[in-house]
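>>> Here is the input, now give the coordinates:
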Amino acid sequence: MSFLGKLFGKKEKETLDQGLEKTKQGFFERISKVIIGKTSVDDDVLDQLEEALIGADVGVDTTLAIIEKIQERVKKDKYLSTSELNTILHDEIANLLVDAPMDQIGFNPPANKKPYVILVVGVNGVGKTTTIGKLAHHYKEAGNEVILGAADTFRAAAVDQLTIWSERVGVAIVKQNMGSDPSAVAFDTIQSAIAKNADVVLIDTAGRLHNKAHLMDELNKIKRVIQKQLPDAPHEVLLVLDGSTGQNALEQAKQFMAVTNVNALAITKLDGTAKGGVVLAIAHQCKIPVKYIGVGEQIKDLVLFDKNEFVDSLFSLNRG
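Okay, here's the model as predicted:
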């Protein structure tokens, strides 16, 4: 069992299974239709499997990578039964996904990075502020002192929403008037965190992609003011994506990666969509670890991403 597997208990597994129900039904039903009545994996099965994976929002590039791996197995083993296909699909899909660094797993930040600074980015409407609130809850529940920074100063609703989350979770928040310089908020947040000996800092940022140059300048400025006080921060640039938008989420990921050094992903709203296969496309093509997935509205419905548990859920498998 992996270290993350130890953090992934029965409750987390049940939450994941329930949250992925729509995706699981769509994904597994497509795969089942491909192999029903077949005894071996031939070209026809592979063609149908390719269509099924693309139809499940896994994406063309990721689908082709999976099909290629299965073709290699067929070529090597000479014969591959359809009963073996699920297991091989499970393993090959899991192999495509990137693991998070060991010191970034769970809700206990590295002792040598205090405060642990997470800069949260993403377009408006993806659930960014809600994700920050849920992360704050998890970090606090793990025994950490958490401070929020409301650096999305262009939307009053964003600051108000983050303030509500800070009160709900019971953590401090640093904010300024609407229209204030976001980097000034970030600076004050880090200053406050150092003064209070806080463990974790979560900084919200504006999510506008229509002007990439402006977004890049803004994020770079925020980083520079953070680094004046903590040279190695931010330790994590977390991109929040809405899984229900399917391939649009992948496109957003590519656009954000072009303007800032994203090193972790959170994919939200997977409970309300059958497009959860896009998680595979994003993780595979971006080569960035998915750290969290959102599978419901409740405060605990942001769960750590375990690639094996995720793929188990897709295939309705329980390997223990």
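
>>> ranges for the strands of the stretch 101-250 of the chain?
For the stretch 101-250 of the chain, the strands defined by DSSP state E, counting those that start in this stretch occupy 116-121, 146-150, 172-174, 200-204, 236-242.

>>> count of residues packed around the closest residue to residue 53 other than its chain neighbours?
Using C-beta to C-beta, 6 or more residues apart in numbering and skipping residues adjacent in sequence, the residue nearest residue 53 is residue 63, 4.2 Å away. For every residue, glycine as well, the C-beta is placed using N, CA and C. Residues lying near residue 63 (other C-beta atoms under 10 Å) number 23.

>>> What lies in contact with the helix or strand hosting residue 63?
Element membership for residue 63, per DSSP states H and E: helix 60-77. With C-beta atoms under 8 Å, 6 or more residues apart in numbering as the test, helix 60-77 has contacts from 41, 46, 49-50, 53-54, 58, 80, 85, 88-89, 92-93, 95-96, 280-281, 284-285.

>>> From residue 75, how far out is the spatially most central residue of the chain?
Residue closest to the mean C-alpha point of the chain, counted by C-alpha atoms, centre = their mean, is residue 266 at 2.3 Å. According to C-beta to C-beta, to the nearest Å, residue 266 and residue 75 sit 38 Å apart.

>>> ditto for residue 264
Per C-beta to C-beta, residue 264 is found 36 Å from residue 75.

>>> Which one of the two is surrounded by more residues?
residue 264 (21 against 9).

>>> Pull the contacting residues for the more buried one.
100, 104, 236, 237, 238, 239, 288, 289, 290, 291.

>>> Tell me the bridge partners for it.
residue 238 (DSSP bridges).

>>> Please tell me how far it sits from residue 298.
22 Å.

>>> Phi, psi for the most far-flung residue of the chain relative to its centre please.
Going by C-alpha atoms, centre = their mean, the residue of the chain most distant from its centre is residue 78, 37.8 Å out. The phi/psi pair for residue 78 (degrees, to the nearest 10) reads phi 70, psi -30.
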